[in-house]
Structures are given as structure tokens and as C-alpha cells.
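Asks: Build me a model:
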Amino acid sequence: MITRRHLLGAGTAALAAPFSTRSVFGKARLGEDGLYQFDWYLESFLDLADDLGSASREGKRFAILWGLRNCPACRRMHEVYMADPAVEAEIRDHFAILHLNILGSRDVTDFDRTKLTEKRIAARYGILGTPAIQFFPTNPEGLAERAPREREVGRMSALPDQADFAALFRRMRR
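Replies: Residues are numbered from 1 along each chain as shown. Okay, the predicted model is just below:
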């Protein structure tokens, strides 16, 4: 089945190919927004229910990674922790990662259909610093009725040491 996500990904890749600054496998790049990106991060319409549904159909757990331009811990996470091929493969193969800016102004549609900016969504979920990662259940049923913090099945609120970072993703697998 072809979804909006497939069309967006194919169209974006075709348009960007001649001008690509895309990462080499295993290497993050800085996007125009100043956030680190991997090619395998979600291309999204910023609709969280849609992203979670797509991730679940692909057999992956949906997670939101919160970042900030010039964040030293975000840099360390991407350039050191995720530069480990085993860690990157674990995350890439088992998680659908949506990277959002904790101070961003893009509109995001939450699970309850409320539309807020990235900055206001971060505040709604109590995201206080970066990097932070929210892990969500594989089934979207009932999420809209829960309070925002009760929608998560796990959270990384600050960058742990490298071994604990890798262990977190192993624990949070489907």
C-alpha cells in the first residue's frame, strides 16, 4: 500500500538528489535547521498519530527525538554514540525517529488532534532539555484520551553514558 509518507519520501529524495547534502551511512549531517539528521529519520507531515501508525505497520516503535541547534549533548549523541554502527543499526532497524526542535515553530498535530508548534508540544509533554527522547506504544488506541505524559512508554530526559544509551534502545524495542 502506498501512503502519503511513501510519496513524500520518494518526492523529496528525487528533488534533493542533485543537490544532496545527505549523510553517508553511519554519519549524521547538520540540517538547515541546525539539527543533526540521519537519512533514515522520518520524513513527516508532523501528524503524530499518522507517524505512530506508520511505524507500527513497519514493525517499529515510534519515538520523538528533541534537539536544539548548537546543543553539545545532541552533537555528542549523534557524532559519538550513534556513530557506533551497532547502535545506529539497532535504532534504525527498530525505531521510527521523528526529530523535532524544542524551540521550533513548525505546526505539529498531537494524538488528540490538537495542533501546536514544536515548542508548545515540547512544553505540553514537559520536555525541558535536549537531547530528550519520548517512546510511544505500538498501538495508538486510546492515546488521544490520555494526558500527554501518560501517552509515553519510556523517556530519555538527558543524555546518559554511552552504554546506558544503547541499553535504553534495546529495552524499548517492540
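
Asks: Walking through the protein, point out its strands one by one.
Replies: Here the chain has its strands, by DSSP state E, at 29-30, 36-37, 61-67, 95-101, 107-109, 115-117, 132-135, 154-156.

Asks: Note down every partner strand of the first one and its orientation.
Replies: Put plainly, it is strand 29-30. Partners of strand 29-30 in the sheet, by DSSP bridges, are strand 36-37 (antiparallel).

Asks: tell me the average confidence for the strand it pairs with?
Replies: The pLDDT scores in strand 36-37 average 92.

Asks: and if you look at stretch 122-140?
Replies: Per-residue scores along stretch 122-140 average to 96.

Asks: Can you give me the first-to-last residue distance of that stretch?
Replies: End-to-end span of stretch 122-140 (C-alpha to C-alpha, to the nearest Å): 19 Å.

Asks: And that stretch, how far out from the chain middle?
Replies: Centroid displacement of stretch 122-140 relative to its chain, using C-alpha atoms, centre = their mean, to the nearest Å, is 9 Å.

Asks: what's it in contact with?
Replies: 48-49, 52-53, 55-56, 61-68, 71, 73-74, 77, 100, 102-103, 110-111, 116, 143, 148-149, 151-159, 168, 172, 174 (C-beta atoms under 8 Å, 6 or more residues apart in numbering). All C-beta spots, glycine's among them, are computed from the backbone N, C-alpha and C.

Asks: make it 6 Å
Replies: 49, 52-53, 56, 62-68, 71, 73-74, 77, 102, 148-149, 152-157, 159, 172, 174 (C-beta atoms under 6 Å, 6 or more residues apart in numbering).

Asks: residues in contact with Arg173?
Replies: Contact analysis of Arg173 by C-beta under 6 Å, 6+ apart lists His94.

Asks: ah, wrong one, I meant Lys119
Replies: Residues near Lys119 by C-beta under 6 Å, 6+ apart: 103-104.
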